[in-house]
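In: give the three-dimensional model of this entry:
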Amino acid sequence: MKHEMTVELSGGKSLTFETGRLAKQAHGAVVVRQGDSVVLTSAVSSPEPREGIDFFPLTVDYREYTYAGGRIPGGFIKREGRPSEREILISRQIDRPCRPLFPEGYRNETQIISLVLSADAENDPDVCAINGASAALSISEIPFMGPVGAVRVGLVGGQMIVNPTYAEMKESQLNIMVVGTESGIVMIESGAKGVSEEQVVQAIEFGHGEIKKIVAKIKELVQQAGKPKRQTKSVDFDEAYYGELMSQVGEQLTDALDTKKYPKLESYARVAQIKADLKAKLPPDDKEASSKLSHYFEAMRERIFREQVTKHRIRPDHRAFDEIRPIDIEVGVLPRTHGSAVFQRGETQALVTTTLGTSDDVQRIENYLGELKKSFMLHYNFPPFSVGEVGRMTGVGRREVGHGALAERAITAVLPDADQFPYTLRVVSDILESNGSSSMASVCGASLSLMDAGVPIKA
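Out: Here you go, the predicted model:
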């Protein structure tokens, strides 16, 4: 049976949710419409948990079909290929607010797929996709502690705008995606043009007010079309077992986690040795005992870390909250690049280069709106040696795409206007060492590299 309902938002905007007409064999499927932008989102989860894993196997795929905008793909093949950078980024936007709302210990393969079926030239379908994922999970039998709602907030002429159009975003000083439940915020992703902290807080509060309307409407949809949720086994925490483990190795582990005393790799090695010594005392064929030990050992590590921060007000390397790691900067390190810099903060090191090109070097991106041109690119690479590991170099991973986009968004705000500096810019950040905050090291290194290349960035 088809169910449809519309939520009215501020400024005359609205979102329409529909279920029961398309993709009826999915565990949950919802069509979300804003203007003439239409997104179908489905959610499916395997009936049995996946054996032998200690993580939640969730995959999210967002795809934009060119037919949605009345276009045929270019090139010889004439069909959509691998996900674009934008599709990867929106997949990650859907994943982040949904993943923490599944029950602890849920190990069933779960997949969320969002397909853009129709797209106008006004409304960005990413907001529809996040709301659709929330609604599809909520009406399905899949255990999900939602729903969540999502809005984009813009700031035009001093006024907050919910889900601004593409035209409004060109004038906006703020682009902030806010996702939350009726009681709080679960994800924020933002870019801005020098707005104040107060304006950002106002935007979040404004967005949460709109989110509450969306969440209420999804709950109505659940009442009409929702399925009974699967029963999952509750994960009881064995305090006695944890206490015994803590008494055995708590002090050792606390010492091993002290990164002021031990560099990162030595700290990791000491933690691994403590765990290995504990496992050596177990029967070699008892997989259940080994799995339980691993689970509680990780819980102990997390608690020690958390208590250092919350109770002792220090970080693992004994720094205060407002104390940064030692910084070392060097520019002009490569002889033939247009600009280069090495930025080191603690045990994180980024080699960042800048290359200038002409208008012929712009990136041409094809999507449902046609061909877009991009004159600034920031690419982030994270080779396995940066963390002392062996790994395959088979292509750019989703994490690398996400970190590059994060740094690119930060740097875009300080680049000179095109009429003053009509060059194509490519910045590449190669992470050579990593112990946290490599994306922000990329931002700092990019600023240095751009200045070394003579780019007049804004102060």
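
In: quick check: beta-bridge partners of the closest residue in space to Ala225 that isn't next to it in sequence?
Out: The spatial neighbour of Ala225 that comes closest, neighbours along the chain excluded (C-beta to C-beta, 6 or more residues apart in numbering), is His3 at 4.5 Å. Where you see a C-beta, it was placed from the backbone N, CA and C, and this is true even at glycine. For His3, the beta-bridge partners under DSSP bridges are Thr19.

In: with Gln34 instead?
Out: Beta-bridge pairing of Gln34 under DSSP bridges involves Ser37.

In: which residues does it contact?
Out: By C-beta atoms under 8 Å, 6 or more residues apart in numbering, Gln34 lies in contact with Lys13, Ser14, Leu15, Thr16, Asn123, Pro125, Val127, Cys128, Asn163.

In: what about the second one, how many neighbours?
Out: This points to Ser14. Using other C-beta atoms under 10 Å, Ser14 has 13 other residues around it.

In: end to end, how far does stretch 366-378 reach?
Out: 19 Å (C-alpha to C-alpha, to the nearest Å).

In: can you point out the buried residues in it?
Out: For stretch 366-378, the neighbour count (16 or more other C-beta atoms under 10 Å) marks Asn367, Tyr368, Leu369, Ser375, Phe376, Met377, Leu378 as buried.

In: ok, so of those, who is nearest Asp236?
Out: Checking the buried residues of stretch 366-378 against Asp236 with C-beta to C-beta, the nearest one is Leu378 at 46.2 Å.

In: thinking again about what came up before, now, which of the buried residues of stretch 366-378 lie within strands?
Out: With strands taken from DSSP state E, the overlap with the buried residues of stretch 366-378 comprises Asn367, Phe376, Met377, Leu378.

In: okay, the residue nearest to Ala225: pLDDT?
Out: Predicted confidence (pLDDT) for His3: 96.

In: with Phe305 instead?
Out: For Phe305, the model assigns a pLDDT of 91.

In: ditto for Phe321
Out: 89.

In: could you identify the most distant pair in the buried residues of stretch 366-378?
Out: By the measure C-beta to C-beta, Tyr368 and Leu378 form the most distant pair in the buried residues of stretch 366-378, at 24.3 Å.

In: CA atoms only: put the strand or helix carrying Gly402 into PDB for me.
Out: Using DSSP states H and E, Gly402 sits within helix 398-412. What follows is helix 398-412, C-alpha atoms only, in PDB (Å, rounded to 0.1, in the frame of the first residue of the first chain):
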ATOM      1  CA  ARG A 398      36.900   6.800   0.000                       C
ATOM      2  CA  ARG A 399      38.700   8.000   3.100                       C
ATOM      3  CA  GLU A 400      41.300   9.800   0.900                       C
ATOM      4  CA  VAL A 401      38.600  11.400  -1.200                       C
ATOM      5  CA  GLY A 402      36.900  12.600   2.000                       C
ATOM      6  CA  HIS A 403      40.000  14.000   3.600                       C
ATOM      7  CA  GLY A 404      40.900  15.800   0.400                       C
ATOM      8  CA  ALA A 405      37.500  17.300   0.100                       C
ATOM      9  CA  LEU A 406      37.600  18.500   3.700                       C
ATOM     10  CA  ALA A 407      41.000  20.300   3.100                       C
ATOM     11  CA  GLU A 408      39.900  21.600  -0.200                       C
ATOM     12  CA  ARG A 409      36.800  23.200   1.300                       C
ATOM     13  CA  ALA A 410      38.900  24.900   3.900                       C
ATOM     14  CA  ILE A 411      41.400  26.300   1.400                       C
ATOM     15  CA  THR A 412      38.800  27.400  -1.200                       C
END
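
In: mind listing what's buried in it?
Out: For helix 398-412, a neighbour-count test (16+ other C-beta under 10 Å) marks Glu400, Val401, Gly402, His403, Gly404, Ala405, Leu406, Ala407, Glu408, Arg409, Ala410, Ile411 as buried.

In: packing partners of whichever helix or strand comes after it?
Out: Elements were assigned by DSSP H and E; along the chain past helix 398-412, the next helix or strand is strand 424-433. Helices and strands touching strand 424-433, by 3 or more C-beta pairs under 8 Å, 6 or more residues apart in numbering; DSSP states H and E, are strand 348-357, strand 376-381, helix 398-412, helix 438-452.

In: which stretch among these comes nearest Leu221?
Out: helix 398-412 (30.0 Å).

In: the closest one - what's its average pLDDT?
Out: What helix 398-412 shows for mean pLDDT is 95.

In: what's the residue closest to the geometric middle of this structure?
Out: Nearest to the geometric centre of the chain sits Arg92, at 4.7 Å (C-alpha atoms, centre = their mean).

In: how close does the residue lying closest to that one once chain neighbours are set aside get to Ile112?
Out: Sequence neighbours aside, Gly402 is the residue nearest to Arg92 in space, at 5.2 Å (criterion: C-beta to C-beta, 6+ apart). For Gly402, the distance to Ile112 (C-beta to C-beta, to the nearest Å) stands at 17 Å.

In: Ile139 too?
Out: Counting by C-beta to C-beta, the gap from Ile139 to Ile112 is 13 Å.

In: go on, Pro103?
Out: Separation of Pro103 from Ile112 (C-beta to C-beta): 16 Å.

In: of those two, give the one with the bigger neighbour count.
Out: Neighbour totals were compared for Pro103 and Ile112, and Ile112 leads with 27 against 15 (other C-beta under 10 Å).

In: in three-state terms, label the more buried one for me.
Out: Ile112 falls in the strand class when you classify it by DSSP: H, G, I helix; E, B strand; the rest coil.

In: who's in contact with it?
Out: Contacts for Ile112 (C-beta under 8 Å, 6+ apart) come out as 41-43, 58-61, 94-95, 98, 133, 136-137.

In: nearest residue to Arg99 other than its sequence neighbours?
Out: Among residues not flanking Arg99 along the chain, Leu58 sits closest, at 5.7 Å (C-beta to C-beta, 6+ apart).

In: cool, and Ala192?
Out: Closest residue to Ala192 apart from its sequence neighbours, by C-beta to C-beta, 6+ apart: Leu174 at 4.9 Å.

In: equivalent analysis for Leu282, please.
Out: Ala289 (4.9 Å).

In: my guess is that neighbour contacts His295. True?
Out: No - at 10.9 Å, Ala289 and His295 do not qualify as touching, with contact defined as C-beta atoms under 8 Å.

In: more crowded one of the two?
Out: For Ala289 versus His295, the count of surrounding residues by other C-beta under 10 Å is larger for His295: 17 against 13.

In: same for the strand or helix carrying the more buried one, what does it pack against?
Out: His295 is part of helix 287-310 when elements are defined by DSSP H and E. Contact partners of helix 287-310 among helices and strands, from 3+ C-beta pairs under 8 Å, 6+ apart: helix 239-256, helix 264-280.

In: in CSV, list those along with distance to Lys458, mean neighbour count and mean pLDDT.
Out: What follows is the helices and strands packed on helix 287-310, written out as CSV (distance: least, C-beta to C-beta, whole Å; neighbours: other C-beta atoms under 10 Å; pLDDT from 0 to 100):
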stretch, distance to Lys458, mean neighbour count, mean pLDDT
helix 239-256, 45, 14, 93
helix 264-280, 35, 15, 93
